[in-house]
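Novice: Fold the following and give me the result.
(2 chains)
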Number of protein chains: 2
Amino acid sequence: MTASFHPPQRLLLGPGPSNVPERVLAALARPTIGHLDPLFVGMMDELKALMRRAFRTQNALTIPVSAPGSAGMETCFVNLIEPGDTVIVCRNGVFGGRMRENVIRCGANAVMVDDDFGRPVDPAKVEAALKANPGAKALAFVHAETSTGVESDAATLCKLARDHGALAIVDAVTSLGGIRLEVDEWGIDAIYSGSQKCLSAPPGLSPLSFSQRAVDTLKARKTPVQSWFLDLSLVMAYWQGEGARSYHHTAPINMLYGLHESLVMLEEEGLEAAWARHRANHLRLRAGLEALGIDFLVDEAHRLPQLNAVRIPEGIEDAPTRRRLLDEFNIEIGAGLGPLAGKVWRIGLMGASSTPESVDRVLAALKSVLGR
Amino acid sequence: MTASFHPPQRLLLGPGPSNVPERVLAALARPTIGHLDPLFVGMMDELKALMRRAFRTQNALTIPVSAPGSAGMETCFVNLIEPGDTVIVCRNGVFGGRMRENVIRCGANAVMVDDDFGRPVDPAKVEAALKANPGAKALAFVHAETSTGVESDAATLCKLARDHGALAIVDAVTSLGGIRLEVDEWGIDAIYSGSQKCLSAPPGLSPLSFSQRAVDTLKARKTPVQSWFLDLSLVMAYWQGEGARSYHHTAPINMLYGLHESLVMLEEEGLEAAWARHRANHLRLRAGLEALGIDFLVDEAHRLPQLNAVRIPEGIEDAPTRRRLLDEFNIEIGAGLGPLAGKVWRIGLMGASSTPESVDRVLAALKSVLGR
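Specialist: Residues are numbered from 1 along each chain as shown, chains lettered A, B, ... in the order given. Model prediction:
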């Protein structure tokens, strides 16, 4: 017989998931009700309103995709991109590469704008690519690169897209709730995030929002969306139907309870207060890391407060050190991804994990395992 | 400020979700740990073994898709079917129609074998279709049609597929854990289910299993899988990697705790005991419905014990009656879908909802609201 699984209480300071507060865990465990239950439909309406406030948007089409952030990314591309389209894709980390995969699998052309891992997207290169590819359907970029800890200038990039008649598709998996993000003010057309980063819900949902321009693009498609599950023209009938909602797929009910609670908590704290908290705890971490002689990968001007990529000190082994943090201190930090594997650690201070206590615990643990 | 959401305790006797036991809800609320944490990887290995026992298979590729059953369906089609392929699709309910949508969106040809809603798939028609379409890549059918409450003869249909060199793709969303299902003995090549039916976990995950023949078909593809998120050649590296797992997408950690616990409970009860329980409670419901003069849609020989489609008695309004059951008795039953809307109710007795007490409660409530 298999025994029930009892996970330990870790301090999650990797690239996500972040720690999930007791209130959110308690919400997950509330009784399951039907996905067409009028009380559930009322909760859905609240959830959409909460998501709009977190995204700073009035977009009608603002819903949680019933799957993790990767599916949110795919939802944007399969609904907006058709075979033969050209998409300018900015790649300054692993997730820009994943966007490219999505574009290609839609039968479209990905024109890459590459910047070094650890650097922000260069608007001058993006402008050149837009000029060189008139009629490009979209510009796609990652606001907060989880693989490197870099923030790109989303407002400027969106303006470039708009000036060239391209849709702006933005990955906000790690930015939503952690740093300033203004969907309407910046003119973002399609955006997706993840539940498990700065929102502190468990992984499994992807908050998503489409502008009216994006909805119009979806409605004007000449070919069907290649994914039935992610086809927003069908999903909308469930999330946006008038009165009775029509069944598309069974919504992940308890997970939605959790996301609702995490957004209620964000509303209670205040979005700008949450941004300030992420910033303050980043500064506390930075001071402590500097004292330990640990360097950041990213220039100060472009660092994400919620995802701190630091160079593994010389002479220190990567995996065994992270394993000691986990086994001896119950602290998870993240490994490097792609070309940064073995070269950096990623210390996340996201959502409920972004506290002075978390910072002090990880600094003390690093001091111990590094023998400094 | 938005308040926390507190759902009521419903008795869920619709087509899913079914009631989630306290043990499973408690598992959902355990501390989130990292999706690459060695303790989590150990839980994943247990989960795969539990799923294999529930599916009665030795298939190495047996994993939960990180999204609801609809995504499990899509995973089967996008991984196995390529543009230009022919797939024989059996349609005796809503979900056969959804399979057709999937086939078409893969750029393949769907040859439909239609049977009336409420009737099982006719093996003679399937054999004729396989003979008329030599080289068909797959035969796809629904084992337990959630929209009508019909069981089709999966063993016979799979044998026909095998005899004609076609893969057997089977929807077991409502059958897994409720009625006999023998993946290896019947020769099923690709199967998907849902967490929220006879397994009594919340919705949001789709247990899936591929035979070696299906894996070989995936490996021999000439075109890339159109979905990045559902591409099993990538997903496998996370679920099946040797030692360290490579990151694909962030697994829905707490939901997986819940599925694990629900499968532990199924193992404790015993799979065949669970089938017998579903059967016994169905018979109890049948006796009570007959006493109320309520008829089944489906012939006795093909009725699913876990999903009872009954004709709405003459002179009784559909929606207001279901609403009274919900508001006055806290009982949810399901509406008809597609052409059966307004004509039938679907009374689910799935998983933890399949108890004598559930049966007695819904019978008493029906007696009251129908005035009999």
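Novice: who does A:Pro64 bridge with?
Specialist: On the basis of DSSP bridges, A:Pro64 is bridged to A:Pro207.
Novice: my guess is it contacts A:Gly204, does it?
Specialist: No - between A:Pro64 and A:Gly204 there is no contact under C-beta atoms under 8 Å: 9.5 Å. Yep, even glycine has a C-beta here, placed from its N, CA and C like the rest.
Novice: between these two, who's got more neighbours?
Specialist: Taking other C-beta atoms under 10 Å in any protein chain shown, A:Pro64 and A:Gly204 do not tie; A:Gly204 has more neighbours (34 against 27).
Novice: which ones are touching the residue located most distally from the centre of chain A?
Specialist: Taking C-alpha atoms, centre = their mean, the residue of chain A most remote from its mean C-alpha position is A:Met1, at 38.5 Å. A:Met1 makes contact with B:264, B:267-268, according to C-beta atoms under 8 Å, 6 or more residues apart in numbering or on different chains.
Novice: and of the residues you listed, the nearest to chain A?
Specialist: Taking C-beta to the nearest C-beta as the measure, chain A lies nearest B:Val264 of the contacts of A:Met1, at 5.1 Å.
Novice: Run through who's touching the helix or strand bottoming out on mean pLDDT in chain A.
Specialist: Lowest on mean pLDDT, DSSP states H and E among the helices and strands of chain A sits helix A:232-239, with a mean of 89. Contacts with helix A:232-239, where a contact means C-beta under 8 Å, 6+ apart, come from A:44, A:48, A:61, A:63, A:65, A:75, A:79, A:210, A:218-219, A:225, A:228, A:245-249, A:251.
Novice: same for chain B: which of those are within range?
Specialist: Subset of the contacts of helix A:232-239 in contact with chain B: A:225, A:228, A:247-249, A:251, counting by C-beta under 8 Å from any C-beta of the partner chain.
Novice: which of these count as buried?
Specialist: By neighbour count, with 16 or more other C-beta atoms under 10 Å in any protein chain shown, those hold A:225, A:228, A:247-249, A:251 as buried.
Novice: The closest residue to chain B within the stretch 101-250 of chain A sits in which helix or strand?
Specialist: Of all residues in the stretch 101-250 of chain A, the one sitting closest to chain B is A:Gly204 (3.1 Å; C-beta to the nearest C-beta). Applying DSSP states H and E as the criterion places A:Gly204 outside every helix and strand.
Novice: Likewise for A:Ala214?
Specialist: Using DSSP H and E, A:Ala214 falls in helix A:212-219.
Novice: Flag the least confident of the ones next to chain B among the contacts of helix A:232-239.
Specialist: pLDDT across those is lowest for A:Tyr247, at 82.
Novice: Now do the contacts for it.
Specialist: By C-beta under 8 Å, 6+ apart, the contact list for A:Tyr247 reads A:35-36, A:238, B:337.
Novice: returning to what we had before: dump the buried ones among the ones next to chain B among the contacts of helix A:232-239 to a markdown table, plus distance to A:Leu25 and secondary structure.
Specialist: Listed next are those as a markdown table, based on distance: C-beta to C-beta, whole Å; DSSP: H, G, I helix; E, B strand; the rest coil:
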| residue | distance to A:Leu25 | secondary structure |
| --- | --- | --- |
| A:Val225 | 35 | coil |
| A:Trp228 | 33 | coil |
| A:Tyr247 | 29 | coil |
| A:His248 | 28 | coil |
| A:His249 | 25 | coil |
| A:Ala251 | 20 | coil |
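Novice: What are the phi and psi values at the closest residue to A:Glu74 other than its chain neighbours?
Specialist: Leaving aside its sequence neighbours, A:Glu74 sits nearest to B:Phe229 (C-beta to C-beta, 6 or more residues apart in numbering or on different chains; 4.9 Å). Phi and psi for B:Phe229, reported as degrees, to the nearest 10, are phi -60, psi -40.
Novice: Same check on A:Ser246?
Specialist: Main-chain dihedrals, A:Ser246, degrees, to the nearest 10: phi -90, psi 140.
Novice: for the nearest residue to A:Thr62 once chain neighbours are set aside, helix, strand, or coil?
Specialist: The shortest distance from A:Thr62 to any non-neighbouring residue, by C-beta to C-beta, 6+ apart, is to A:Ser209 (4.2 Å). Here A:Ser209 is strand, with the state taken from DSSP: H, G, I helix; E, B strand; the rest coil.
Novice: any idea how far the residue in the stretch 251-372 of chain A positioned nearest to chain B lies from B:Pro224?
Specialist: Of all residues in the stretch 251-372 of chain A, A:Pro252 sits closest to chain B, at 3.2 Å by C-beta to the nearest C-beta. Distance, A:Pro252 to B:Pro224, using C-beta to C-beta, to the nearest Å: 28 Å.
Novice: what ranges do the helices span in the stretch 101-250 of chain A?
Specialist: Secondary structure of the stretch 101-250 of chain A (DSSP state H, counting those that start in this stretch): helices at A:123-132, A:154-163, A:183-186, A:212-219, A:232-239.
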